[in-house]
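Enquirer: Quick one, fold the following:
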Amino acid sequence: MTDIFVNLPTADLERSKAFYTALGCELNPLFTDENAACVVWDENIYFMVLTREFFATFTDKEVADPRTTAQALTALSRPSRDEVDAVLAAGIAAGGVEPRPAQDYGFMYSRDLEDPDGNVLEFLYMDPQAATQGPEAYLAEQAQQ
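Expert: A predicted model of the protein is given here:
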């Protein structure tokens, strides 16, 4: 089994903790202190939200400002379009921003959410047939209907 840890810089750790818990995440207190918060998305996915200063200790490169520079887009699937919309609503209510309109490709529905620091989370729902057989199979079946 592989666990995924996504490290995100923040200018305000308390604000980030409030934002991610508003999305329904929990904090792991064993790995949360004044420099970092371990945000548990599910049993295998974690966001390590790190103060910018602490984040910088993990790299010799300049730490990008996520408000002006996109370095990564973290995409998380949801089990339905309604759940994509619900997590976006919770994120916006907690201080996040939706930087662009929803993308609807028929087989996939996607919305972006920027956390208060500008880190981009993509939430998407993909039709199960498209996920297992590819988008072409889904689109071909839809054309026959």
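Enquirer: Which of the three states applies to the residue nearest to the spatial centre of the chain?
Expert: The chain has Leu121 as the residue nearest its centroid, 2.9 Å off, counting by CA atoms, centre = their mean. State at Leu121, reduced to three classes by DSSP: H, G, I helix; E, B strand; the rest coil: strand.
Enquirer: What of Asp60?
Expert: The three-state label given to Asp60 by three-state DSSP is coil.
Enquirer: pLDDT score for it?
Expert: pLDDT for Asp60: 95.
Enquirer: just how off-centre is stretch 115-135 within its chain?
Expert: Centroid separation between stretch 115-135 and its chain, computed with CA atoms, centre = their mean, to the nearest Å, is 10 Å.
Enquirer: Show which residues not belonging to the lowest-mean-pLDDT helix or strand in the chain make contact with it.
Expert: Ranking every helix and strand in the chain by mean pLDDT, DSSP states H and E puts helix 135-144 at the bottom, with a mean of 75. Defining contact as CB atoms under 8 Å, 6 or more residues apart in numbering, one finds that helix 135-144 is touched by Tyr105, Gly106, Phe107, Met108, Asp127, Gln129, Ala130. In this view, the C-beta of every residue, glycine as well, is placed from N, C-alpha and C.
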